[in-house]
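Participant: here is a sequence together with a model predicted from it:
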2 protein chains.
Amino acid sequence: MESKTSITIALDAMGGDHGPQVVLSGAQIALERHPDVRFLLFGQEASVLPVLEQMPKLKARSVFRHCEISIRMDDKPSQALRQGRYKSSMWQAIEAVKTGEAAVAVSAGNTGALMAMAKFCLRTMANIERPAIAAIWPTERGESVVLDVGATIGADSQQLIDFSVMGAAMARALFHIERPTVGLLNIGTEEVKGQDDVKEAGRLLKETELAGLEYRGFVEGNDLGKGTVDVVVTEGFTGNIALKTAEGTARQIASYLRAAMTRTWMAKLGYFFAKSAFDRLRDKMDPRKVNGGVFLGLNGVVIKSHGSSDAEGTAAAIDVAYAMAANGLLAKIEADLGDVYAHISSPVVVEPVVDEPDVEDVR
Amino acid sequence: MESKTSITIALDAMGGDHGPQVVLSGAQIALERHPDVRFLLFGQEASVLPVLEQMPKLKARSVFRHCEISIRMDDKPSQALRQGRYKSSMWQAIEAVKTGEAAVAVSAGNTGALMAMAKFCLRTMANIERPAIAAIWPTERGESVVLDVGATIGADSQQLIDFSVMGAAMARALFHIERPTVGLLNIGTEEVKGQDDVKEAGRLLKETELAGLEYRGFVEGNDLGKGTVDVVVTEGFTGNIALKTAEGTARQIASYLRAAMTRTWMAKLGYFFAKSAFDRLRDKMDPRKVNGGVFLGLNGVVIKSHGSSDAEGTAAAIDVAYAMAANGLLAKIEADLGDVYAHISSPVVVEPVVDEPDVEDVR
């Protein structure tokens, strides 16, 4: 029997590069940390059930549903929608959120397909024109929320304000801060032309006292690592490139470090003594620890886990899903958007379907 | 007597956060590496000459010229132009390039002011609408050229092609590669809308066989650290944020590393044994080693040294200046632009003054 207080997470067991074995192992780790979780597992019987049989604790807290179709990592969004709508494990995990069976859906499947299906199934929230993907960014101070990291290219001032409000609601749910600080990503030179939308969004956020966030002005690329603010807001092209640049730089330095530590016998000896310190460092730099991109702006919460995640990474994404559900992210966002629209502007009314050409061709 | 083969570098001795002492110390280090260099030093007599007196070798290879005005690090570009045109050390260093007295100018003064003055004094090259700032980016493979890192926001397809050609010419001069590989910075998702200029530039570069570069397609943020291509091309907003994000990430990891290595006695002991390995690592991560942003697209080469550079960093910027002058960067760019315009399109003819509002208000 499902208890009233349990949180149900819908899991696309087929997503990611490694398939059900890794996804279910991740769920098992997450279950140890959150014993009240229940899972709805979607996937192909033949590949999921044998794995689930090996994990009795997980099996006891899970309901499995067979889905014929699995979305491949290289399926294009339009292709995934055409072939996988209604029938795929990815779709059904999302649909479980729509029907209310699950509080949140998690998939390590390909981002484009997942976003296309999530938009099509859940639709954008009233007043929100475009969803965003929010990443949890490790910083010198702890963690920040950064969005959009690649849902859509470009954002006007209204959308940047939406992102600020949604990102702040997520930071509140995740970090338990009353009024998270928010910064708009910009470049230093004051007199450079362009980016009028960023300036306009900054002006509006500065002029308006919002209950849900504290606007701190512009921040630059190096403020991401410093953790200057709790929430960094930018449009998806820049956000995606910043995210991947940081990942690349971390990997680059790790490779320098490996080379330096194995170069001489003295260095190897030093490594031996400092091993636990190095493990700590690796831990800090470990992208698995901060896995889980959150889709914001839809009528339901969907979490994207890294395609290459191992069990630990998958568990981290499920942790994020749990936090979002347990803290009522969706209700927070709705309330805060109400506040911002009461203060800043009347929302632009947009037909949700207009902006979804990927969807047109599957009709 | 100046020999025929010597290279003269104009130096703004007042630029940067630390003033003449650091700039001149940097020049002295660079002089040891390039004994054929001559310097034209511009600055305030009272602060430069006492320092120069302490450096007899540098003094013997330098000509000093007094300038009343020094541009401050927080002067706005328009303000700097209004107050410092003709009279400042920054202006006069640039003007020495225009008159042919110097092959290249180096300043650690503020970027906005330096770019405004360089544009006003040197003007953009025929066919080039906007100059770019190119950075030298340390990678796992060695170094890459990345541009634009902040000269202007936004770039159309023609400007991205110009950046590709200019960046490749710089890579050729710097790395001595016949046909440097070039990639356009983009985000992975294929079906995301927008960035039509990047796609169009990619299409044109793919279709055209250019003598000066080998186009390799789109690259992502993590390819910057990998060094996937010799030249990474993007518009200035994204480029600036990528650069600062990488700097911030490197600083963040260095701070993790410091904390990890001083946390326990075992770690401290390990640090002791691995010290030379750590020094090597620090060397690799040292932003001073790759100092020197190159202004491309002007009728003359100007190098921006980091404002916070120490003597070693300044020397690195002068090294870059030397390489650009010794390898005839300007002539390479002119030849390559001729090649690209013969193949790709007729250039857009733009009145150079139209795009310079900073300049309007000083007339």
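Facilitator: Alright, I've got the coordinates. Numbering: from 1, shown residues only, chains lettered A, B, ... in the order given.

Participant: now do A:Arg203 against A:Asp162, distance only.
Facilitator: For A:Arg203, the distance to A:Asp162 equals 16 Å [Cβ to Cβ, to the nearest Å]. Glycine gets a C-beta too; all of them are placed from N, C-alpha and C.

Participant: check A:Ala30 too.
Facilitator: 30 Å.

Participant: and A:Arg61, by the same measure?
Facilitator: Taking Cβ to Cβ as the measure, A:Arg61 falls 36 Å from A:Asp162.

Participant: tell me which of those two has more neighbours.
Facilitator: A:Asp162 (32 against 18; other Cβ atoms under 10 Å in any protein chain shown).

Participant: host element of that one?
Facilitator: Following DSSP states H and E, one finds A:Asp162 within helix A:157-175.

Participant: that helix vs chain B: in contact?
Facilitator: No: legend: contact between helix A:157-175 and chain B by Cβ under 8 Å from any Cβ of the partner chain is lacking; minimum distance shown is 12.8 Å.

Participant: give the rounded mean pLDDT of that helix.
Facilitator: Mean pLDDT, helix A:157-175: 94.

Participant: what's the answer for stretch A:284-299, then?
Facilitator: Per-residue pLDDT over stretch A:284-299 has a mean of 82.

Participant: and chain A, what are its domains?
Facilitator: Here the domain parsing of chain A from automatic domain parsing is A:1-126+A:299-327+A:348-363, A:132-296.

Participant: my read is that A:Gly328 contacts A:Ala173, right?
Facilitator: Yes: with contact defined as Cβ atoms under 8 Å, A:Gly328 counts as touching A:Ala173 (7.3 Å).

Participant: looking at the two, which is more packed in?
Facilitator: With neighbours defined as other Cβ under 10 Å, A:Gly328 and A:Ala173 compare such that A:Ala173 has more, 25 against 14.

Participant: OK, contacts around A:Leu269?
Facilitator: B:Gly270, B:Phe273, B:Ala274 (Cβ atoms under 8 Å, 6 or more residues apart in numbering or on different chains).

Participant: Throw these into JSON lines and include neighbour count, thanks.
Facilitator: What follows is the contacts of A:Leu269, written out as JSON lines (neighbours: other Cβ atoms under 10 Å in any protein chain shown):
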{"residue": "B:Gly270", "neighbour count": "26"}
{"residue": "B:Phe273", "neighbour count": "20"}
{"residue": "B:Ala274", "neighbour count": "27"}
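
Participant: among the residues you listed, name the ones in helices.
Facilitator: Among these, DSSP state H puts B:Gly270, B:Phe273 in helices.

Participant: go back to the contacts of A:Leu269 and keep what's next to chain A.
Facilitator: B:Gly270, B:Phe273, B:Ala274.

Participant: quick one: pLDDT of the closest residue to A:Thr181 other than its chain neighbours?
Facilitator: Leaving aside its sequence neighbours, A:Thr181 sits nearest to A:Val229 (Cβ to Cβ, 6 or more residues apart in numbering or on different chains; 4.3 Å). Looking at A:Val229, its pLDDT stands at 97.

Participant: how near is A:Val229 to chain B?
Facilitator: 13 Å (Cβ to the nearest Cβ, to the nearest Å).

Participant: and for A:Gly313?
Facilitator: On the measure of Cβ to the nearest Cβ, A:Gly313 and chain B end up 17 Å apart.

Participant: picking that back up, quick one: closest of the domains of chain A to B:Glu45.
Facilitator: Evaluated over the domains of chain A, closeness to B:Glu45 peaks at domain A:132-296, with 30.8 Å, by Cβ to Cβ.

Participant: ok, A:Ala103 touching A:Val301?
Facilitator: Yes: with contacts counted by Cβ under 8 Å, A:Ala103 reaches A:Val301, the gap being 7.4 Å.

Participant: shared neighbours, the two?
Facilitator: Jointly contacting A:Ala103 and A:Val301 under the rule Cβ under 8 Å, 6+ apart are A:Val97, A:Ala325.

Participant: helix, strand, or coil at A:Gly188?
Facilitator: coil (DSSP: H, G, I helix; E, B strand; the rest coil).

Participant: backbone torsions only: list them for the nearest residue to it once chain neighbours are set aside.
Facilitator: In space, and not counting its chain neighbours, A:Gly188 is closest to A:Glu220: 5.8 Å by Cβ to Cβ, 6+ apart. Main-chain dihedrals, A:Glu220, degrees, to the nearest 10: phi -110, psi 170.

Participant: so how far is A:Asp197 from A:Glu220?
Facilitator: Separation of A:Glu220 from A:Asp197 (Cβ to Cβ): 17 Å.

Participant: distance between the biggest helix by length in chain A and the chain's centre?
Facilitator: The single longest helix within chain A, with elements called by DSSP H, is helix A:236-261. Mean-position distance between helix A:236-261 and its chain equals 19 Å (Cα atoms, centre = their mean, to the nearest Å).

Participant: give me the buried positions along it.
Facilitator: When burial is assessed from 16 or more other Cβ atoms under 10 Å in any protein chain shown, helix A:236-261 yields the following buried residues: A:236-253, A:256-257, A:260-261.

Participant: again, but for stretch A:85-95
Facilitator: A:Arg85, A:Ser88, A:Ser89, A:Met90, A:Trp91, A:Gln92, A:Ala93, A:Ile94, A:Glu95.

Participant: which parts of stretch A:175-191 are buried?
Facilitator: Those would be A:Phe175, A:Pro180, A:Thr181, A:Val182, A:Gly183, A:Leu184, A:Leu185, A:Asn186, A:Ile187, A:Thr189, for stretch A:175-191 by 16+ other Cβ under 10 Å.

Participant: okay, those in a markdown table with distance to A:Ser25 next?
Facilitator: Below are the buried residues of stretch A:175-191 laid out as a markdown table (distance: Cβ to Cβ, whole Å):
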| residue | distance to A:Ser25 |
| --- | --- |
| A:Phe175 | 27 |
| A:Pro180 | 33 |
| A:Thr181 | 37 |
| A:Val182 | 36 |
| A:Gly183 | 37 |
| A:Leu184 | 39 |
| A:Leu185 | 36 |
| A:Asn186 | 42 |
| A:Ile187 | 43 |
| A:Thr189 | 48 |
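
Participant: hmm, back to that, hang on, isn't the residue nearest to A:Gly188 packed against B:Ile241?
Facilitator: Yes: with contacts counted by Cβ under 8 Å, A:Glu220 reaches B:Ile241, the gap being 7.3 Å.

Participant: overlap of the contact sets of those two?
Facilitator: By Cβ under 8 Å, 6+ apart, the residues touching both A:Glu220 and B:Ile241 are A:Leu185, A:Ile187.

Participant: and the helices in the stretch 251-363 of chain A?
Facilitator: Using DSSP state H, counting those that start in this stretch, the helices of the stretch 251-363 of chain A run over A:265-273, A:275-285, A:311-326, A:329-343, A:357-360.

Participant: point out the most buried one among those helices.
Facilitator: helix A:311-326 (a mean of 23; mean count of other Cβ atoms under 10 Å in any protein chain shown).

Participant: pLDDT on that one, on average?
Facilitator: 94.

Participant: then stretch A:254-271?
Facilitator: Stretch A:254-271 comes out at a mean pLDDT of 82.

Participant: likewise stretch A:16-32?
Facilitator: 95.

Participant: A:Tyr215: what's it in contact with?
Facilitator: So A:Tyr215 contacts A:Ser164, A:Thr181, A:Val182, A:Gly183, A:Gly202, A:Leu205, A:Lys206 (Cβ under 8 Å, 6+ apart).
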